[in-house]
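# Sequence and predicted structure are below.
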Amino acid sequence: MTAGGAITILNEEDSARAAMLHAACFDSAGQWSARSMRETLSAQTTLALGHEEGDALNGMLLVQRVPPDAEILTICVHPDNRRDGVAQKLFDHSATLLGPYGIDRLILDVADDNLPAISFYERNGFRRDGLRKAYYRREDGVAADAVLMSRQFAGHTNKSGA
């Protein structure tokens, strides 16, 4: 299935619904508070994209720009909308918007037990660079390692309508 809906730029006024989406996607140990979300969305270096269908925010990608790198802070899609192209649509739009900022490389970390996310990143050209042991704490107290990944990114241009 292909994602319908529209990509929008999120700002601090979207922090409550962005935090609600994040809470629907992660266990309580990994959720961001509305305050953390507001601080991130208001930062000058944050690229915050949302995917909306109607007035529902069902996907989000937050990227911190620190040229020549940019770090994917979080990407999440509401459980009811997974596997329908929302994450890919968000990622593709971010690629077109990051180029003018002089971004040469995207970096991220992802829990080693989040196999769908790792697969998504590998399909999008990311490679594994390392591991952070016991980085993510889970609700049940169990820790998961973080897989460090990166992708070269030079040569992108601004072609998005977002």
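Alright, I've got the coordinates. Residues are numbered from 1 along each chain as shown.
# quick one: pLDDT of the residue most central in space within the chain?
Nearest to the mean C-alpha position of the chain, by Cα atoms, centre = their mean, lies I75 at 2.4 Å. Note on I75: pLDDT of 95.
# Check D69 too.
D69 is assigned 94 on the pLDDT scale.
# Would you enumerate the residues in contact with the residue lying closest to it once chain neighbours are set aside?
Spatial nearest neighbour of D69, chain neighbours left out: R105 (5.0 Å); criterion: Cβ to Cβ, 6 or more residues apart in numbering. Placement of C-beta: from N, CA and C, glycine included. Residues near R105 by Cβ atoms under 8 Å, 6 or more residues apart in numbering: 68-70, 150-153.
# hmm, 7 Å instead?
Contact analysis of R105 by Cβ atoms under 7 Å, 6 or more residues apart in numbering lists 68-69, 150-153.
# Check G59 too.
By Cβ under 7 Å, 6+ apart, the neighbours of G59 are 50-51, 76-78, 81, 86-87, 90.
# Any idea what it is bridged to?
Note on G59: beta-bridge partners by DSSP bridges are H51, V77.
# what comes up buried for the longest helix belonging to the chain?
The residue-count maximum for a helix in the chain (DSSP state H) belongs to helix 86-98. Under the neighbour-count criterion of 16 or more other Cβ atoms under 10 Å, helix 86-98 has 86-91, 93-95, 97-98 buried.
# Tell me the helices and strands packed up against that helix.
For helix 86-98, the elements it packs on are strand 6-9, strand 46-53, strand 56-66, strand 69-77, judged by 3 or more Cβ pairs under 7 Å, 6 or more residues apart in numbering; DSSP states H and E.
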